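J.: coords below, sequence missing:
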């Protein structure tokens, strides 16, 4: 199985202040603005997402996202290897994504995600 892209999501207390930093100071280009989350291109297939702590629907803290077409297949693989899948797979109408969360052996949160948002310009630009 191959991933299509990689996103690290960071929590923010002030999304406008964060946007100024990532856009103006670091010069990253905005890939998609989801309202409570903004995703920036870092490389051709690597992105940085910044989300307001509230009303973010996911776990607190940093989340590493692997973007794939086959979320169910990835979750089946995780389960077949004896690991747990939590919080999904499920569809988020807010963010127009299909996703699930998995904890790695050290408790780091991984999100397996497919974008269904037509505004996502991740790999086609």
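T.: That came in fine, so what should we check first? Treat the numbers as computed from the prediction; the structure is a model and nothing was measured. Residues are numbered from 1 along each chain as shown.

J.: Would you mark the buried spots in stretch 14-32?
T.: By neighbour count with 16 or more other Cβ atoms under 10 Å, stretch 14-32 contains the buried residues 15, 18-19, 22, 28, 31-32. For the C-beta atoms, the positions are set from N, CA and C on the backbone; glycine is no exception.

J.: Can you give me the pLDDT of the residue nearest to residue 28 when sequence neighbours are not counted?
T.: Distances taken as Cβ to Cβ, 6 or more residues apart in numbering place residue 40 nearest to residue 28, at 3.9 Å, with adjacent residues excluded. Looking at residue 40, its pLDDT is 91.

J.: for residue 79, same thing?
T.: Residue-level confidence at residue 79 comes out at 91, pLDDT.

J.: Look up how far residue 51 lies from residue 8.
T.: From residue 8 across to residue 51, the span is 11 Å (Cβ to Cβ, to the nearest Å).

J.: neighbour-wise, which of these two wins?
T.: Between residue 8 and residue 51, residue 51 has the larger neighbour count (other Cβ atoms under 10 Å), namely 23 against 14.

J.: now stretch 84-103, how far from the chain's geometric center?
T.: Chain-centre distance of stretch 84-103: 10 Å, with Cα atoms, centre = their mean, to the nearest Å.

J.: what's the nearest residue in space to residue 117 that is not next to it in sequence in contact with, if anything?
T.: Closest residue to residue 117 apart from its sequence neighbours, by Cβ to Cβ, 6+ apart: residue 96 at 3.6 Å. By Cβ atoms under 8 Å, 6 or more residues apart in numbering, the contact set of residue 96 is 34, 115-118, 120.

J.: same check, this time on residue 73
T.: residue 1.

J.: which sections of this structure are below the confidence cut-off?
T.: Residues of the chain meeting the criterion pLDDT under 70: 55-61, 106, 121-125.

J.: try it again with 80
T.: Counting by pLDDT under 80, the chain has low-confidence residues at 1, 53-62, 87-88, 104-108, 118-125.

J.: wouldn't residue 111 be in contact with residue 100 here?
T.: Yes: between residue 111 and residue 100 there is a contact at 7.2 Å, judged by Cβ atoms under 8 Å.

J.: Cool, thanks, talk later.
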